[in-house]
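Chemist: make a model of this:
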Amino acid sequence: MQQTYTVTGMTCNGCKASVEEQLNAIQGVIKASVNLELQEVTIKMSDDISINTLQNALSEKYSISEKKQANVFKNISAIEEHKTTIQQLFPLFLIFTFILGASILLNLNPWDSADFMLDFMGLFYVVFSFFKFLDVKGFSETFKMYDPLAKLIPVYGSVYPFIELALGIVFLMRIQIPFALILTLIILGITTVGVTKSLLDKKTIQCACLGTALKLPMTKATFIENSIMIIMSILMLLKIYN
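Modeler: Numbers count the residues shown, from 1 in each chain. Here you go, the predicted model:
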């Protein structure tokens with residue numbers, strides 16, 4: 001027999017693998033397959049297994065429940081609740097717009113493009129680090145799913161929010177700008193390589209740019225966001241050394 005259940009608490013492919021491993025270890029389970037995007041697990045079993053047995057096999061982070069049979073009205077509700085990619089990314093666009101607006105207003109009269117870019121990068125780092133600090137451990141687990149350096153050195157993911165905050169303060173206070181720009185090129189360059197690979201491989205994973213507080217999918221918006229910071233860093237370095 002085969003049954004589909006709803007599983008909450010999964011945020012990345014690591015969670016997917018963990019849930020599958022824990023459920024497959026239950027006696028009577030032939031195969032458990034997780035759909036991370038739908039937050040579901042399909043279990044093929046030799047005998048009927050109670051929901052309590054399934055829940056007890058999972059760590060406290062995850063919660064499993066029976067998926068109710070769909071009907072016409074529930075299908076309509078599901079369609080209404082389903083978020084498009086643009087709707088999912090709305091918080092990112094909104095935050096980005098506020099940072100951009102604040103940077104423009106700070107340098108509007110008189111206009112200074114160099115200060116605008118420094119303020120933008122500073123506010124970008126401070127705001128984005130805030131969301132990562134809400135769940136450093138969760139961010140680290142998600143971040144290492146696509147960042148090459150975080151995969152190689154797991155502790156880097158836990159330190160990354162502190163690096164972002166420090167860079168934000170450095171940019172806003174105009175301290176050691178050349179060093180901060182070079183470091184930005186390095187860390188965002190590495191992350192962008194991972195983002196690009198994930199996009200090319202069409203992996204369905206969560207973007208960690210705003211931590212785990214907001215469930216954002218990995219999309220081209222992440223690539224564009226990093227690219228803007230990289231381009232600004234290059235322009236500022238050229239301005240400084242020319």
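Chemist: can we go C-alpha only for contacts and neighbour counts from here?
Modeler: Fine.
Chemist: just the element for V41, please.
Modeler: Using DSSP states H and E, V41 maps to strand 40-45.
Chemist: which SSE is immediately downstream of that strand?
Modeler: helix 51-57.
Chemist: show me the longest helix that occurs in this structure.
Modeler: Identified as the longest helix of the chain according to DSSP state H is helix 177-200.
Chemist: and that helix, what does it pack against?
Modeler: helix 148-152, helix 155-173, helix 220-241 (3 or more Cα pairs under 8 Å, 6 or more residues apart in numbering; DSSP states H and E).
Chemist: so what's the gap between the helix or strand that it is followed by and the chain middle?
Modeler: The C-terminal neighbour of helix 177-200 among helices and strands, as given by DSSP H and E, is strand 206-207. How far strand 206-207 lies from its chain's middle: 3 Å, per Cα atoms, centre = their mean, to the nearest Å.
Chemist: ok, strand 206-207: who's next to it in the sheet?
Modeler: strand 216-217 (antiparallel) (DSSP bridges).
Chemist: show me what secondary structure element comes after the lowest-mean-pLDDT helix or strand in the chain.
Modeler: Sorting the helices and strands of the chain by mean pLDDT, DSSP states H and E puts helix 72-81 at the bottom, at a mean of 46. The C-terminal neighbour of helix 72-81 among helices and strands, as given by DSSP H and E, is helix 85-88.
Chemist: what sits up against the following helix or strand past that following helix?
Modeler: Scanning forward in sequence from helix 85-88 by DSSP H and E, the next helix or strand is helix 90-106. Helix 90-106 is contacted from outside by 116-117, 119-120, 123-124, 210, 214, using Cα atoms under 8 Å, 6 or more residues apart in numbering.
Chemist: mind listing what's buried in helix 90-106?
Modeler: 92, 96, 99-100, 102-104 (16 or more other Cα atoms under 10 Å).
Chemist: what's the answer for stretch 35-49, then?
Modeler: In stretch 35-49, counting by 16+ other Cα under 10 Å, buried: 36, 39-45.
Chemist: K220: which of the residues you listed is nearest?
Modeler: K220 lies nearest to L36 out of the buried residues of stretch 35-49, by Cα to Cα, at 19.7 Å.
Chemist: for the closest residue to that closest one other than its chain neighbours, what are its contacts?
Modeler: Setting aside the residues directly before and after it, L36 is nearest to K16 in space (Cα to Cα, 6 or more residues apart in numbering), at 6.3 Å. Residues in contact with K16 (Cα under 8 Å, 6+ apart) are 10, 34-36.
Chemist: one more: L23?
Modeler: So L23 contacts 29, 32, 54, 57-58 (Cα under 8 Å, 6+ apart).
Chemist: C-alpha coordinates for whichever helix or strand it is part of, CSV please?
Modeler: Here L23 sits within helix 13-24, counting by DSSP H and E. Once non-C-alpha atoms are left out, helix 13-24 reads as follows in CSV (Å, rounded to 0.1, in the frame of the first residue of the first chain):
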residue,chain,number,x,y,z
ASN,A,13,17.8,19.1,0.7
GLY,A,14,19.5,18.1,3.9
CYS,A,15,16.1,18.1,5.7
LYS,A,16,14.7,16.0,2.7
ALA,A,17,17.5,13.4,3.1
SER,A,18,17.1,13.3,6.9
VAL,A,19,13.3,12.7,6.7
GLU,A,20,13.7,10.0,4.1
GLU,A,21,16.4,8.3,6.1
GLN,A,22,14.4,8.3,9.3
LEU,A,23,11.2,7.0,7.7
ASN,A,24,13.0,4.4,5.6
